[in-house]
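> Have a look at this prediction, sequence included:
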Amino acid sequence: MATLIARKKEIENLERLYNSDRSEFVIVFGRRRIGKTFLVNSLFEKRFTFKYTGTREEPQSVQLQHFAMQIKEYSKLPYLPEIKTWTDAFEMLKTLIVSKKKKERKVIFFDEMPWIDTPKSKFVSALEYFWNSWAAQRDDILFVACGSATSWMVNKLVKNRGGLYNRITAQIYLRPFTLGECEEYLQSIGCQWDRYTVLQCYMTLGGVPFYMSLINKQESLAQNIDRLFFGKNAVLNEEFDEMFNALFSQADKYIAVVKALVSKREGLLRSEVIEKTGISGGGLSKILENLERCDFIEVFANYKNSTRNIVYRISDNYTLFYFKFISGKRHKDNNFWSKNLNSPAIKSWQGFSFESVCLNHLDEIKKALGISGIPTSCSTWRKIGDSENQGAQIDLLIERSDRVINVCEIKFCEESFSITKDYADNLRNKIAVFRDDTSSRKSIAVTMITTFGVAQGKNSGIVQSEVTAEDLFV
């Protein structure tokens, strides 16, 4: 088996399903490049009864021809069988399964299933009939369906209201690596970067396993970024457009929404997304839902407000990096990143990106604060100012059942963060505006989330608790 990093629960779940005493229909899904195929192949590479991969933007005739080729290979037929419909295809699959030993577990893997379902192919109805009329009646089949188009996987399989309603026996959703898992992966390939460097790597690549696999341990992080994004034929330069076009129909609308969200550090309300993109109604709801499903955005409630005031923010660091430094720009210098590490643009991006990293590690933050066992809810808050009243904003509020609210300030800094008198005064004012706006009478605990902690000084007493980047690796 190939080395698998950070997928222990998923491996345990798949092995449990393999050893089940009934037929199982499991779906493995998640965004592109997240390692779905790698996980299934690594675990079952010597146990497949049949494996088939859909082909993007190919007609039904080509998909069926490829299926016939796989049937020929796994059945060891001397000829290529003629398959004209998906009903025929599943009949051939049944024949293959029956030919195997009775006590043997039959692992059937359909990869990139959304690409198989071409217009008017009736693939899903044929799959429904195969499973309901035959496979589900047996006790020896592990059917694994995999796909990057998360919206298709959810709508056509998980939320199916036809023949597959309630037929999915297990769902395995793969998310990007955490900081700790990225560190584990880098160490597995002999890359011994310190945690500050791993953090900046995560801020750039977002913990996507495939992107991490492109790291060259012989190069510095800056050299890796130059090669992957700014060098000649850079691998990740065109990745974004290719990824969105593979994941979503009408990809231009999804890109428009993402571009709008990148423009504002604190995120956007739905009304602001509509204003910036001109997309509204059910179409926008579908786009936002699918982007959230694929881990490109995160949704935060505005503290003590209605669902209409939900805030949408970019959560994928690769996407954030791409729009800040690649999209719409023509870099002629292959060493752009190395030469501009101290530029204002990169400093601004670091602050934005570090916030995203922190919001992706809420469990680690709660653990560092010692409140993992306390029921909590996380939200954001902002008060829009006017000519008479000052506005204010809090990026992260952790409201606890013990009547305490952690008001979290997130700051990226290359050294310990120093709290000046002006910063402390601004923070006190922010809390006062928050109390006035929300009428909250719960205790407030100011929490600083920084890279290297808060420098002790005459103004640091305003901070009740701290979380550092080190804590995010736990």
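Thanks, I have the structure now. Fair warning: this is a prediction, and the values are worked out from it, not measured in the lab.
> Determine the set of other helices and strands touching the one helix or strand residue 108 maps to.
Following DSSP states H and E, one finds residue 108 within strand 106-111. Here strand 106-111 touches helix 36-44, strand 48-53, helix 86-98, strand 141-147, going by 3 or more Cβ pairs under 8 Å, 6 or more residues apart in numbering; DSSP states H and E. Where you see a C-beta, it was placed from the backbone N, CA and C, and this is true even at glycine.
> So which other helices or strands are in contact with the longest one?
Which is helix 86-98. By 3+ Cβ pairs under 8 Å, 6+ apart, helix 86-98 packs against strand 48-53, helix 60-75, strand 106-111, helix 123-133.
> how far does it sit from the chain's center?
Distance of helix 86-98 from the chain centroid (Cα atoms, centre = their mean, to the nearest Å) equals 35 Å.
> still on that earlier bit, extract the CA atoms of the strand holding residue 108 and return them as CSV.
In CSV, the C-alpha atoms belonging to strand 106-111 read as follows (Å, rounded to 0.1, in the frame of the first residue of the first chain):
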residue,chain,number,x,y,z
LYS,A,106,-16.1,-7.9,-4.6
VAL,A,107,-14.8,-4.3,-4.7
ILE,A,108,-16.3,-2.3,-7.5
PHE,A,109,-14.9,1.2,-8.0
PHE,A,110,-16.4,3.8,-10.2
ASP,A,111,-14.1,6.9,-10.3
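> tilt between that strand and strand 48-53?
Interaxial angle, strand 106-111 versus strand 48-53 (axes from the mean of the first three to the mean of the last three Cα atoms, to 10 degrees): 10 degrees.
> tell me the average confidence for strand 106-111?
Strand 106-111 shows a mean pLDDT of 98.
> Run through who's touching the following helix or strand past that strand.
Per DSSP H and E, the first helix or strand lying C-terminal to strand 106-111 is helix 113-116. With contacts defined as Cβ atoms under 8 Å, 6 or more residues apart in numbering, helix 113-116 is touched by 54-58, 63, 110, 123, 145-149, 152-153, 156-157.
> May I see the ChimeraX selection of the buried members of those?
In ChimeraX, a selection of the buried entries from the contacts of helix 113-116 looks like this (16 or more other Cβ atoms under 10 Å):
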select :54,63,110,123,145,146,147,148,149,152,153,156,157
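> Can you pull the domain assignment for this structure?
Domain assignment of the chain by automatic domain parsing yields the ranges 8-173, 178-360, 362-473.
> thinking again about what came up before, out of the helices and strands packed on strand 106-111, flag the one nearest residue 69.
Nearest to residue 69 among those is strand 48-53 (9.2 Å), distances taken as Cβ to Cβ.
> What pairs with that closest one, parallel or antiparallel?
Note on strand 48-53: by DSSP bridges, its sheet partners are strand 106-111 (parallel).
> tell me the angle the partner strand makes with strand 141-147.
Using the same axes, to 10 degrees, the direction of strand 106-111 lies 10 degrees away from that of strand 141-147.
> surely residue 404 meets residue 447?
No - Residue 404 lies out of contact with residue 447 (Cβ atoms under 8 Å); the separation is 10.4 Å.
> between those two, which one's more packed in?
Neighbour comparison, residue 404 and residue 447: the larger count goes to residue 447, with 22 against 16 (by other Cβ atoms under 10 Å).
> Now do the more buried one, the pLDDT please.
97.
> That one: what secondary structure?
Classification of residue 447 by DSSP: H, G, I helix; E, B strand; the rest coil places it in strand.
> again, but for residue 22
Under the three-state scheme (three-state DSSP), residue 22 adopts coil.
> quick one, helices of the stretch 251-400 of the chain?
Applying DSSP state H, counting those that start in this stretch to the stretch 251-400 of the chain gives helices spanning 251-262, 270-277, 281-293, 317-325, 336-339, 344-359, 362-369.
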